[in-house]
Every structure is written in C-alpha cells, then in structure tokens.
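Colleague: sequence first, predicted model second:
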Amino acid sequence: MGMAAALALCLSVALAGCENFGTDLMSIQRSGTHVVFAVCREIDVVSVYGDYSSTPQSKDFVTFIVEKGDSPLQSGATWNTGDGVPSLDRKVLKDPPVKGNTGIDVVLNASNSKDGFESVFTVPSTGLSSTKWLHPDGTQTNAPCAGVS
C-alpha cells in the first residue's frame, strides 16, 4: 500500500480521520534491524499500515506493516517491526530499510476515527539512529515524546 492508498484508506474510514498529521504524534528509532515506533498520545488502535520508499519523493512504496485488531496504547508506548503492536493480528510485518533518505509512512487507525493519525518520516542521510528518536519534522531527541505534554 502506497502513501496515496493509505490516505485513501484513512479517508474511507472517516473523512475527518486523517486530518491528524504532526511532529508530536509518533517517533521512530532503530534497534538492530528493527524499527521501533513510539506513540506520543493515547490511542485505541484498530489497524496499522506502514510503507517505505527508497527516497521520500518516490511514488514506489513497499508495504512493511499491516496489522488489525484492537490494542489500546498509552502515550509513550513502543513496539517494533520484530514483534508488532501488542494484540494486533499481523498480516504483514517486516523490517524496512533504515538507510539514509528512506521515506517511512505509518498510518494508525483508531476505534474513534477522529483519533487516527499518520506520520511521515525521512531517515537522515546518516541512517536511522539507535540512540536518538526521529520525529516527522526531522528533529531527533533523546526521549521518544520529548516536548509532548
């Protein structure tokens, strides 16, 4: 599923459901070959879709996560591409590349569609860090939800 397909899916769930884009909703970092995701607000996740591309401008996205079910997550909760989101049924789960300039797009749909959101990341040219958390605006912080109240 590409970014356009993910957006279309989100729109089909609810027209207002994907208005949530931002730099404070999610962050990522590397742990070995896995990508670790952190959510920075409480959300009752019913599905997760993730795509990557070799460059942020590419229209050729490859799906690396498709998970469905029901999993309430607290702000600060983390999961990785090795284990997936707790309590969700894994349809597709593999590691995206973590090299520089890879585009990573993640959509979390929620039981209340207005709570769902999408986060789009561009991996820095040095690759995805295993010690810093990358945010959608390109900033890197020591804590996954730095500055989120």
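Modeller: Done, it's in.
Colleague: which parts of this structure are helices?
Modeller: Listed in chain order, the helices of the chain (DSSP state H) span 3-13.
Colleague: what about the strands in it?
Modeller: For the chain, applying DSSP state E gives strands covering 26-31, 34-39, 43-53, 62-73, 78-80, 88-93, 103-110, 117-122, 133-134, 140-141.
Colleague: which of those strands comes out lowest on mean pLDDT?
Modeller: Within the strands of the chain, confidence is poorest for strand 88-93, with a mean of 91 (mean pLDDT).
Colleague: parallel or antiparallel, list what pairs with that strand.
Modeller: strand 62-73 (antiparallel) (DSSP bridges).
Colleague: centre of the chain to the strand it pairs with, how far?
Modeller: 10 Å (C-alpha atoms, centre = their mean, to the nearest Å).
Colleague: residues making contact with it?
Modeller: The contact list for strand 62-73, computed with C-beta atoms under 8 Å, 6 or more residues apart in numbering, reads 1, 39, 42-53, 81, 84-96, 106, 111. The way it works is simple: take the backbone N, C-alpha and C, and place the C-beta from them, glycine included.
Colleague: thinking again about what came up before, mean neighbour count for the strands of the chain - can I get that in TSV?
Modeller: Listed next are the strands of the chain as TSV, based on neighbours: other C-beta atoms under 10 Å:
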stretch	mean neighbour count
strand 26-31	22
strand 34-39	23
strand 43-53	23
strand 62-73	18
strand 78-80	19
strand 88-93	16
strand 103-110	24
strand 117-122	21
strand 133-134	23
strand 140-141	14
